[in-house]
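> The following comprises the amino acid sequence and a computationally predicted model.
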Amino acid sequence: MRRLEGRVALVTGAGSGIGKATARRLAEEGARLVVTDINEQSGQATADELLDAGTEATFVHHDVTSEADWHVACERAVDEFDGLDILVNNAGMGDLKTIEETTLEEWERTVAIDQTGVFLGMKIAAPYLRKSQHAAVINISSIFGTSGGFGNSPAYHAAKGAVRTLTKNAAVHWATEGIRVNSVHPGFVDTPILDTSRETPFMQVMIDLTPMGRLGRPEEIAAGVAYLASDDASFVTGLELYIDGGYIAR
């Protein structure tokens, strides 16, 4: 069953990793896709892959910290597909520096992408989502939006924690308007961002800290997003969905 047949989804950071897997899964469920990414080459590659598979898709170059870019992305959904039903705020970044090592510039850049980008997405998409009969927002947070992790990446933790509570705030605000808002909290997931860690002890640490004893796969996160985007989750809003192999349960 294609649960999202004919619906229009905008996925940020869809050029790789969880974003790309999410775009693929939503397409498999029948959605039409606005694929956005700041990396034009990888974002266009995702859109081309979807088009080749028979999905209606379009790519938009998109800096999620830019209000103007958000307007362009949402308007593309309307121009190409006559509306917007699903918003997946996936684009993000982080580093492994400690509080002392993190510069103010680095802090502000991470918060701008991981937190402010989510705020802008919901704010600017709101008028479009209100016109949908199946509006759903899925914000990608993290296990580190809830836990202190390894004591590093302070900007990432702060921003992802903000996404967690911002999601709940928006869910309550829109609860009677037909817009559901939920957050997904991935654990350690095998994406290209881990390529530099594959031959280091950190890789084994991540596996050891996951009760299921392995890294997650991007498509496993995408499956959770697809559920929250669908009518199977029609009475679900303000939820934190942890897809983490048991990490938070420890």
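Everything's here; your move.

> Show me which residues of the longest helix seen in the chain are buried.
Criterion DSSP state H: the longest helix present in the chain is helix 154-173. The neighbour-count check on helix 154-173 (16 or more other C-beta atoms under 10 Å) flags 154-164, 166-168, 170-171 as buried. In this view, the C-beta of every residue, glycine as well, is placed from N, C-alpha and C.

> same question, stretch 6-19
Quick answer for stretch 6-19 (16+ other C-beta under 10 Å): 7-19.

> end to end, how far does it reach?
End-to-end distance for stretch 6-19, by C-alpha to C-alpha, to the nearest Å: 20 Å.

> Also stretch 129-147?
End to end - C-alpha to C-alpha - stretch 129-147 spans 31 Å.

> That one: how far from the chain's middle?
What separates the centre of stretch 129-147 from the centre of its chain is 8 Å, taken as C-alpha atoms, centre = their mean, to the nearest Å.

> likewise stretch 144-155?
What separates the centre of stretch 144-155 from the centre of its chain is 18 Å, taken as C-alpha atoms, centre = their mean.

> so who does the spatially most central residue of the chain touch?
Centroid-nearest residue in the chain: residue 90, 2.1 Å away (criterion: C-alpha atoms, centre = their mean). Residue 90 is in contact with 11, 12, 13, 14, 18, 19, 22, 140, counting by C-beta atoms under 8 Å, 6 or more residues apart in numbering.

> ok, the residues you listed vs residue 190, which is closest?
Nearest to residue 190, judged by C-beta to C-beta, of the contacts of residue 90 is residue 18 at 10.4 Å.

> Other residues contacting the top strand by length along the chain?
For the chain, the strand with the greatest residue count under DSSP state E is strand 179-186. Strand 179-186 is contacted by residues 18, 122, 126, 129-130, 132, 135-143, 145-146, 163-164, 167, 170-171, 174, 216, 221, 224-225, 228, 233-234, 236-244, 248 when judged by C-beta under 8 Å, 6+ apart.

> report the angle between the axes of it and helix 154-173?
Taking axes from the mean of the first three to the mean of the last three C-alpha atoms, to 10 degrees, one finds that strand 179-186 is oriented at 150 degrees with respect to helix 154-173.

> hmm, back to that, okay if I get the buried residues of stretch 6-19 as CSV plus secondary structure, pLDDT and distance to residue 61?
Formatted as CSV, the buried residues of stretch 6-19 follow (DSSP: H, G, I helix; E, B strand; the rest coil; pLDDT from 0 to 100; distance: C-beta to C-beta, whole Å):
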residue, secondary structure, pLDDT, distance to residue 61
7, coil, 98, 23
8, strand, 98, 19
9, strand, 99, 18
10, strand, 99, 13
11, strand, 99, 14
12, coil, 98, 11
13, coil, 98, 12
14, coil, 98, 12
15, coil, 98, 10
16, coil, 97, 15
17, helix, 97, 18
18, helix, 98, 19
19, helix, 98, 14
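
> Which of those residues sits closest to residue 200?
Using C-beta to C-beta, these come closest to residue 200 at residue 17, 18.9 Å.

> Now for residue 63, how many residues are close by?
Residue 63 has 17 neighbours, counted by other C-beta atoms under 10 Å.

> who's in contact with it?
Per C-beta under 8 Å, 6+ apart, neighbours of residue 63: 38, 69.

> how far away is it from residue 39?
Distance, residue 63 to residue 39, by C-beta to C-beta, to the nearest Å: 11 Å.
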